[in-house]
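Engineer: prediction below, plus the sequence it came from.
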Amino acid sequence: MLVVSECLSSKNVLTLRTYMDDKDDAKSFIRKFGKFDDSYWIQGNRLNKGNSSRFVMHNKWVCSFSSHRKVESSKKNQKCDAFIDILIKIVTKGSKKNDEYLKRDPPLNTVIKINPFHSHNCGSADALKRLFIDPEVKSVFLKYFADGLSPSQAMKQNISRLRTLPNYIVSLANGALNPRPWTIYRLWHKYLEENYGSFKEPFERLEEKIPDYLNQGIHVVMDKTDPWVVLVVTPLNERAQKLKNSSEIIFMDSTSSCDVSMASVTVLLTATKGGAVPIGVLIHKQQTAVAYEKGFKMLMDNFPLCFNGLTYPKIIMTDDSMAEKKAIQEIWPQTTQILCIFHFLQAEWRWLMSSSSNILPVNRQQLMQLFRKAVYAKNHEDFQDVVNEINHLEGNQSFKDRFNENLKRSQEWSMSYRNENLITRNNQTNNYSEATIRILKEIILERTKAYNVVALVEFISIIWDKYFINRLLDFAYNRRNQKDYELQLTKMKSVDPNSILQIDEFLYKVPSSKDSKKFYDVNTIIGWCSCYSGKQGGFCKHQALLKQYYDIEFPNSPVTDSNERHKLALLALGIRDCPPKPFFEDLNELPTPQTSIMEKENLKTTREKTNLQLCYKDFSNNLQDGDIENDPNIRPSIPLNNNQSLNDKFTEKWEDFTNSINRLGELLQQDVSETSIRHLSVFTKKIKNIDTTSQAVDFIINNSSSSKRGRNIRVQPTSVARRRGTYKGNHRIGPGRPPTEKSTAGRNSLLNKNKKKVVKRKHNLVQSITNNQANAKCKQI
């Protein structure tokens, strides 16, 4: 309640009486009056310092455009005389005798004197922009910073918020509601120092935050001795360590310049059905063998069984970095190291294009083709043939010397070795690592260096971790298409599922889509096939056919059913937060009783135990293609789908087709001509050339799909030639004015043939080799 004290008021000063407890109430009044008056008040001199026994407080606030603590030449020095004087009295028996307002209930113990007359304009945009940031708006920006927004993003978000308010046009000009950029950046740097410590000594602040991280389940371990290393493992990373793929193959890559101190980040990834997920992230000072060894040892000390219960991964794929390879050999000597094929070939092509190679330009393509032939040789015999061919080349001694040097470590890059010895799941390049690093720099850090190591840990452990969780949930919520899986099934559409032979519980023989007499061995537990695509554990079309018709779960298959989606959700969210399995079922899938779920899990556990005693090499050696029809141990499988209805439908459609052909013959006999006989002979010859089931299916599909094209009215070639722009086919020209050269220039028209368009060179190694030019470099990651 405010009461005007007329006896104390003057011409320019308004005196009010109210009740206040302390200084906080006074500051609250100042803020509210500033919003009402479109002004900002700063605290001036403290009054009546010696009478603390009579007053709670007595302070004076002056306008921010006054001369208080300002130089004469300052733009904000408008010598404004406006002020607010607040006096809070102590209520006693003696003070009540001299002040009638103290006798009221509640007592009006506060005297407020206000001079509201400013010597400057308060309502213009130029005056409003100079107001100090409002405390409530300040807390909003601090929340934006805590959510990972940069200053520029926070300003855009605040403007979007203000646009939803009434009278937003004036609010956008108000510096208290829409602060100027320098205000936000100053607030941002203050936030960084308070939350992430100093720039030069960040580890003290990181040690203080480690208990908070641990309460969230995030393990942050650091070693401050030079070179310093920090290990970050989130709950998602811990769950990824227990995946089977974590023991099969690990993808590793490093990137530098992640914060202002130029720290490097090394990520260790495992492949899942929803993309790659880290099992741990290292932040270190230098990309040296000592730093890598320190980080790997730190990982093993804190998570000794981080590779699905093993102390080392079977395979690690890296770039050709001597520091990384040396550290891996030191910490995990039993691990097989392989190289990224793309980067290995790219390095060879760059060497051939360099002047130091002393290779003539006319020989570069031939030598590179031989090198690629050696890398992609399918078996050991083909590989040796290429090696002999290279060694018998005339001249080009520097190329042969370099090739023989690489030959000493052929197990790292030879496809023939991988086909015969390794399970790589057809991962021949380090694309998982490259994409993950790019996500970190472009999406998480937004091509901006972090403030220091503490901020970088925050980005990695919270924001980056949420990105991986959201991507896994996209697959779990069935928001990603299954084009790859459907493409594999399309390749096997000519194969009869009844021709699949089951050898035992986990072994099958699947016929070839091109030759029905040839069979491929498929191991459902390992996820392996004897075809070229499945030799390294990749998901091939033969495994796709088994999965479609026998509902078999493969470790390398795409996400296609509710059981696999539920597993991805468990990986992303954990057991406590993951919804029950029925939540992930298909639209047409009936809810599964809980008992059947448990039975299926028990069966899967039994299969995994059996798999420990099996190896895909044994099956590939014992089950060679041969006379399988007379083998008594092999029995034909019965697919789960009932094919009786399909056979009935085919019989019905074939009868209709036969009747239609007979009717067509009767119509042709009514008017026999040379033209009809000639085309009938061509059509008959096409049918006679069909020998296999796949050719028959292709013939039906091609003729049915071309029926629509056959109804188009053909156009004379001379008419097509006269058409302008992109209208070069026999399709219908749209209504309206014919297009001009200018309007069609942006639609890949062929009009300006004489103009030579400068096309940026693509980052395509094969195309660069074909054109005998250096490969384009992508943006530095």
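Structural biologist: Everything's here; your move.
Engineer: ends of stretch 389-401, how far apart?
Structural biologist: Length of stretch 389-401, first residue to last, CA to CA, to the nearest Å: 14 Å.
Engineer: and it, what's its mean pLDDT?
Structural biologist: For stretch 389-401, the mean per-residue pLDDT is 92.
Engineer: buried sites along it?
Structural biologist: I390, N396, F399 (16 or more other CB atoms under 10 Å). Quick note: C-beta positions are derived from backbone N, CA and C, even for glycine.
Engineer: go on, stretch 188-202?
Structural biologist: Within stretch 188-202, the residues scored as buried using 16+ other CB under 10 Å are W188, Y191, L192, N195, Y196, G197, P202.
Engineer: so what pLDDT did N498 get?
Structural biologist: On the pLDDT scale, N498 gets 89.
Engineer: that one: neighbour count?
Structural biologist: By other CB atoms under 10 Å, 12 other residues sit near N498.
Engineer: from D521, how far out is it?
Structural biologist: Computed as CB to CB, to the nearest Å, the N498 to D521 distance reads 18 Å.
Engineer: ditto for N174
Structural biologist: With the distance defined as CB to CB, N174 ends up 74 Å from D521.
Engineer: looking at the two, which one has more neighbours?
Structural biologist: D521 (22 against 19).
Engineer: show me where the stretch 401-550 of the chain has its strands.
Structural biologist: Here the stretch 401-550 of the chain has its strands, by DSSP state E, counting those that start in this stretch, at 501-502, 507-511, 519-523, 528-529.
Engineer: of the ones you listed, which stretch is the most buried?
Structural biologist: When the strands of the stretch 401-550 of the chain are scored by mean count of other CB atoms under 10 Å, the highest mean neighbour count falls to strand 528-529 (a mean of 28).
Engineer: in this structure, which helix or strand is least confident?
Structural biologist: In the chain, no helix or strand scores lower on mean pLDDT, DSSP states H and E than helix 616-622, which sits at a mean of 42.
Engineer: domain ranges for this structure?
Structural biologist: As assigned by automatic domain parsing, the chain contains the domains 3-121, 135-196, 205-340+430-473, 342-420, 480-636.
Engineer: mind telling me which of those the model trusts least?
Structural biologist: When I compare the domains of the chain, domain 480-636 is least confident, with a mean of 76.
Engineer: among the buried residues of stretch 188-202, which ones are in helices?
Structural biologist: W188, Y191, L192, N195, Y196 (DSSP state H).
Engineer: the first one and Y144 touch, don't they?
Structural biologist: No. Between W188 and Y144 there is no contact under CB atoms under 8 Å: 9.6 Å.
Engineer: where do the contact lists of those two overlap?
Structural biologist: Common neighbours of W188 and Y144 (criterion: CB atoms under 8 Å, 6 or more residues apart in numbering): A154.
Engineer: L268: which element?
Structural biologist: According to DSSP states H and E, L268 maps onto strand 264-272.
Engineer: endpoints of stretch 425-437, how far apart?
Structural biologist: Terminal residues of stretch 425-437 are spaced 21 Å apart (CA to CA).
Engineer: and Q329, how many residues sit next to it?
Structural biologist: Neighbourhood size, Q329 [other CB under 10 Å]: 14.
Engineer: figure out the helix or strand that it lives in.
Structural biologist: Under the assignment here (DSSP H and E), Q329 is part of helix 322-331.
Engineer: and E420, what does it touch?
Structural biologist: N379, H380, K535.
Engineer: how deep is the last one tucked in, by neighbour count?
Structural biologist: Spelled out, that is K535. Neighbours of K535 under the rule other CB under 10 Å: 22.
Engineer: let me know the helix or strand that the residue nearest to R239 when sequence neighbours are not counted is in.
Structural biologist: Leaving aside its sequence neighbours, R239 sits nearest to L571 (CB to CB, 6 or more residues apart in numbering; 5.4 Å). Taking DSSP H and E as the definition, L571 sits inside helix 562-577.
Engineer: and that helix, what does it pack onto?
Structural biologist: If contacts are counted by 3 or more CB pairs under 8 Å, 6 or more residues apart in numbering; DSSP states H and E, helix 562-577 sits against helix 235-241, helix 465-476.
Engineer: show residues contacting that helix.
Structural biologist: Under CB under 8 Å, 6+ apart, the answer for helix 562-577 is 235-236, 239-240, 243, 272-274, 277, 468-469, 472-473, 475-478, 553, 557, 559, 578-579, 581-586, 589, 600.
Engineer: mind checking which of the residues you listed are buried?
Structural biologist: 236, 239-240, 243, 272-274, 277, 468-469, 472-473, 475-476, 478, 553, 557, 559, 578, 581, 584-585.
Engineer: centre-most residue in this protein?
Structural biologist: For the chain, I439 is the residue whose C-alpha lies nearest the centre (CA atoms, centre = their mean; 5.6 Å).
Engineer: thought it was touching N470?
Structural biologist: No. Applying CB under 8 Å as the test, I439 and N470 come out as separate, 11.5 Å apart.
Engineer: next structured bit after the lengthiest helix in the chain?
Structural biologist: In the chain, taking DSSP H as the definition, the longest helix is helix 644-670. The helix or strand immediately downstream of helix 644-670 is helix 674-688, counting by DSSP H and E.
Engineer: quick one: that following helix to helix 644-670, angle?
Structural biologist: 160 degrees (axes from the mean of the first three to the mean of the last three CA atoms, to 10 degrees).
Engineer: buried ones in the helix or strand A127 falls within?
Structural biologist: In this assignment (DSSP H and E), A127 forms part of helix 125-128. For helix 125-128, burial by neighbour count (16+ other CB under 10 Å) applies to A127, L128.
Engineer: off-centre distance for it?
Structural biologist: For helix 125-128, the gap between its own C-alpha mean and the chain's C-alpha mean amounts to 44 Å (CA atoms, centre = their mean, to the nearest Å).
Engineer: name the residues that touch the helix or strand following that helix?
Structural biologist: Using DSSP H and E, the helix or strand that follows helix 125-128 in sequence is helix 135-146. Surrounding helix 135-146, the residues in contact under the criterion CB under 8 Å, 6+ apart are 31, 133, 153-154, 157-158, 161, 176-177, 179, 184, 187-188, 191.
Engineer: how about the strands in the stretch 151-300 of the chain?
Structural biologist: Here the stretch 151-300 of the chain has its strands, by DSSP E, counting those that start in this stretch, at 219-223, 229-233, 249-255, 264-272, 275-284.
Engineer: is it possible to get CSV of those strands that adds distance to E348?
Structural biologist: Listed next are the strands of the stretch 151-300 of the chain as CSV, based on distance: least, CB to CB, whole Å:
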stretch, distance to E348
strand 219-223, 38
strand 229-233, 33
strand 249-255, 20
strand 264-272, 25
strand 275-284, 26
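Engineer: figure out which of those strands is closest to M298.
Structural biologist: strand 229-233 (4.8 Å; CB to CB).
Engineer: check which helices and strands that closest one sits against.
Structural biologist: Using 3+ CB pairs under 8 Å, 6+ apart, strand 229-233 sits against strand 219-223, strand 275-284, helix 289-302, helix 453-458.
Engineer: tabulate the CA atom coordinates of it in PDB.
Structural biologist: Taking Å, rounded to 0.1, in the frame of the first residue of the first chain, the C-alpha atoms of strand 229-233 are listed here in PDB:
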ATOM      1  CA  VAL A 229      44.600 -36.800 -20.300                       C
ATOM      2  CA  VAL A 230      40.900 -36.800 -19.300                       C
ATOM      3  CA  LEU A 231      38.700 -39.900 -19.700                       C
ATOM      4  CA  VAL A 232      34.900 -39.400 -20.100                       C
ATOM      5  CA  VAL A 233      32.500 -42.400 -19.900                       C
END
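Engineer: sheet partners, orientation included, of it?
Structural biologist: Sheet partners assigned to strand 229-233 using DSSP bridges are listed as strand 219-223 (antiparallel), strand 275-284 (antiparallel).
Engineer: okay, those in a markdown table with distance to F506 next?
Structural biologist: Listed next are these as a markdown table, based on distance: least, CB to CB, whole Å:
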| stretch | distance to F506 |
| --- | --- |
| strand 219-223 | 37 |
| strand 275-284 | 27 |
